[in-house]
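> quick one, what's the 3D model for this:
(one chain, ligands or ions: 1)
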Amino acid sequence: MTPGRSSERPAPEPDPTADQATKDAMSNATTVSPAHSASTASTLITNIAALVTNDPSLGDGTPLGLIQGAAVVIEGDRIAWTGDQSKAPATDNRVDAGGRAVLPGFVDSHSHLVFAGDRTQEFNARMSGRPYSAGGIRTTVAATRAATDEELEANLTRYLAEALRQGTTTFETKSGYGLTTEDESRALRVASRHTAEVTYLGAHIVAPEFAQDPAAYVALVTGEMLDACAPYARWIDVFCEKGAFDGDQARAILTAGTARGLHPRIHANQLSYGPGVRLAVELDAASADHCTHLTEEDIDALANSRTVATLLPGAEFSTRAEWPNARRLLDAGVTVALSTDCNPGSSFTSSVPFCVALAVRDMGMTPDEAVWSATAGGAAALRRTDIGRLTPGAYADLMLLDAPSHVHLAYRPGVPLVTGVWRRGERVL
Ligand SMILES: [Zn+2]
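Reported below is the predicted structural model:
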């Protein structure tokens, strides 16, 4: 938070250029009359029908901190002021939101974007009820190993641009399709050029070369591979599931990562009941991801912890699987995040709005809860307080919807409503 700034700070003085600026903005809905360099200039976004701040002390007092007839001031890369538009301070530039909704940029806290190839045939067979015996994740591992660094980066950049057009301003992404020391570390090196939220997932599956000796693969993941990957990563993750890594292996892998300064998160309880969620709580993981098959004990453990339950409905959609029960988690007091799980095998969507619509339609979330979980919830899953909210001091990461309310994200599924995106104070869409 920036000290000395209040969301209710009155306008210090009238701005003689404001009227002309407003007219220009009305005709062109873009930033006008820049008076200072981009790094220090202030921009007012006003005439916002509904502003989601995610600060319950603002606006209507709900978790969304909704303000109607609102304005936001961006200064440099941060939010400088949020409040009723009639009290907005003078600024260098002015944007008229035209009675539309503004909300924080989406925080997609779970994706797998460093890969090559795709798995169209596998998806087509699954959705057509035909048997398909190709290698699943192994197919992507082979394509990823065969790709050049440039190909991997071009692929990543393409999916990031796609996500940005749909309002995602922060994303986490993982390795996990290399499964050798060299291929895992280069995946993380490529990812780290695009985000600070990089996760080492050498323990996605047991590498094919180690199929007969999983213990040796765990030794590699916690030894030489970890040494090579730790410099590029913030997080360590493991796929704790039957057929991947069991609870003891997952504990050994996450503990080794913690000893190297990485923070744990985990793929847990996606396909079946298991120890993943309770292990996440035991290790104070930032997030337990998927959470589709949960016992009452799992939910109690989450509710009494700092661990966020990250739900990934794109995976259930793309595999015609049972939905996670968001309502049960929310009613128990668990913090819930919503993310895409974007990956070529089980959830090939980069669209957070699509996940919001699914969560509302099929997982028992209200539109308000789903929007909170895709913004502030994602930030909580990354243990961040500087994103996912539009309050003074937070990064100026926000989106303008071509709709009067955030509810339209669920009400109008599949419609490209995002019409403006600012990241770090700069308009990028
Ligand atoms: Zn995943």
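
> so where's this protein uncertain?
Residues of the chain meeting the criterion pLDDT under 70: 1-39, 133-134.

> gap between the two ends of stretch 99-112?
In stretch 99-112, first residue to last residue: 36 Å (Cα to Cα, to the nearest Å).

> also stretch 260-268?
22 Å.

> can you give me how far it is from the chain middle?
Centroid displacement of stretch 260-268 relative to its chain, using Cα atoms, centre = their mean, to the nearest Å, is 16 Å.

> repeat that for stretch 420-429.
Its chain's C-alpha centre and that of stretch 420-429 lie 17 Å apart, by Cα atoms, centre = their mean.

> show me where the stretch 101-250 of the chain has its helices.
Ranges of helices in the stretch 101-250 of the chain, per DSSP state H, counting those that start in this stretch, are 120-127, 137-146, 149-165, 181-192, 214-222, 224-229, 247-259.

> output those helices as CSV; include the columns mean neighbour count and distance to T340.
To be clear about C-beta, it is placed using only N, CA and C from the backbone, and glycine gets the same treatment. CSV is the format used below for those (neighbours: other Cβ atoms under 10 Å; distance: least, Cβ to Cβ, whole Å):
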stretch, mean neighbour count, distance to T340
helix 120-127, 14, 16
helix 137-146, 18, 16
helix 149-165, 16, 8
helix 181-192, 22, 16
helix 214-222, 19, 25
helix 224-229, 20, 23
helix 247-259, 19, 23
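
> select, out of those, the one closest to G414.
Closest approach to G414 among the helices of the stretch 101-250 of the chain is made by helix 149-165 (14.1 Å; Cβ to Cβ).

> who touches the closest one?
Helix 149-165 is contacted from outside by 108, 113-116, 144, 147, 171, 173, 186-187, 190-191, 193-194, 340, 342, 350-352, 416, 418, 421, 423, 428-429, using Cβ atoms under 8 Å, 6 or more residues apart in numbering.

> only the buried subset of the residues you listed, as a PyMOL command please.
The PyMOL selection below is limited to those of those classed as buried (16 or more other Cβ atoms under 10 Å):
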select buried, resi 108+113+114+115+116+144+147+171+173+186+187+190+191+194+340+342+350+351+352+418+421+423+429
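
> which parts of the stretch 1-150 of the chain are strands?
Assignment of strands within the stretch 1-150 of the chain using DSSP state E, counting those that start in this stretch yields the ranges 42-51, 67-75, 78-84, 93-104, 106-108.

> and the third one with strand 67-75, angle?
Between the axis of strand 78-84 and that of strand 67-75 there is an angle of 160 degrees, by axes from the mean of the first three to the mean of the last three Cα atoms, to 10 degrees.

> which strands and helices sit next to strand 78-84?
Using 3 or more Cβ pairs under 8 Å, 6 or more residues apart in numbering; DSSP states H and E as the contact criterion, the elements in contact with strand 78-84 are strand 67-75.

> make CSV out of the strands of the stretch 1-150 of the chain and add distance to I299.
Below are the strands of the stretch 1-150 of the chain laid out as CSV (distance: least, Cβ to Cβ, whole Å):
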stretch, distance to I299
strand 42-51, 32
strand 67-75, 33
strand 78-84, 34
strand 93-104, 27
strand 106-108, 23
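
> how far away is the spatially most central residue of the chain from G257?
Nearest to the mean C-alpha position of the chain, by Cα atoms, centre = their mean, lies D108 at 1.1 Å. The gap separating D108 from G257 is 22 Å, by Cβ to Cβ, to the nearest Å.

> got a list of what A116 touches?
By Cβ under 8 Å, 6+ apart, A116 lies in contact with T140, A143, T144, A146, A147, E151, L152, N155, Y177.

> try 10 Å
By Cβ atoms under 10 Å, 6 or more residues apart in numbering, the contact list for A116 reads 140-148, 151-152, 154-155, 177, 344.

> tell me where the stretch 251-400 of the chain has strands.
Per DSSP E, counting those that start in this stretch, the stretch 251-400 of the chain carries strands over the ranges 263-264, 266-268, 287-290, 308-311, 336-338, 398-401.

> would CSV of those with distance to T222 and mean neighbour count be doable?
Shown next, in CSV, are the strands of the stretch 251-400 of the chain (distance: least, Cβ to Cβ, whole Å; neighbours: other Cβ atoms under 10 Å):
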stretch, distance to T222, mean neighbour count
strand 263-264, 13, 23
strand 266-268, 15, 30
strand 287-290, 20, 29
strand 308-311, 24, 30
strand 336-338, 27, 29
strand 398-401, 40, 26
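
> could I get these in CSV, plus columns for distance to M225?
CSV is the format used below for these (distance: least, Cβ to Cβ, whole Å):
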stretch, distance to M225
strand 263-264, 16
strand 266-268, 18
strand 287-290, 21
strand 308-311, 24
strand 336-338, 28
strand 398-401, 37
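
> contacting residues for the residue nearest to F123 when sequence neighbours are not counted?
Spatial nearest neighbour of F123, chain neighbours left out: S318 (6.9 Å); criterion: Cβ to Cβ, 6 or more residues apart in numbering. For S318, the contacting residues are F123, R126, M127, D341, N343, G345, S346, S347, F348, T349, by Cβ under 10 Å, 6+ apart.

> okay, the residues you listed in TSV with distance to G333 next?
Output for the contacts of S318, formatted as TSV (distance: Cβ to Cβ, whole Å):
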residue	distance to G333
F123	36
R126	36
M127	37
D341	24
N343	30
G345	33
S346	29
S347	27
F348	33
T349	29
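
> show residues contacting stretch 117-124.
So stretch 117-124 is contacted by 125-126, 130, 132-137, 139-144, 146-147, 151, 155, 177, 318-319, 343-346, 348 (Cβ under 10 Å, 6+ apart).

> with only the CA atoms kept, save it in CSV.
Output of stretch 117-124 as CSV, limited to C-alpha atoms (Å, rounded to 0.1, in the frame of the first residue of the first chain):
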residue,chain,number,x,y,z
GLY,A,117,2.5,-29.9,-30.2
ASP,A,118,-1.1,-30.5,-29.4
ARG,A,119,-3.4,-33.5,-28.7
THR,A,120,-6.3,-32.8,-31.0
GLN,A,121,-6.7,-36.5,-31.9
GLU,A,122,-6.8,-37.6,-28.3
PHE,A,123,-9.5,-35.0,-27.5
ASN,A,124,-11.5,-35.9,-30.6
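
> for that stretch, what is the distance to the chain centroid?
Relative to its parent chain, stretch 117-124 has a centroid offset of 24 Å by Cα atoms, centre = their mean.

> now stretch 72-82
Put simply, stretch 72-82 sits 22 Å off its chain's centre (Cα atoms, centre = their mean).

> got it, and stretch 332-345?
In terms of Cα atoms, centre = their mean, the centre of stretch 332-345 is found 8 Å from the chain centre.
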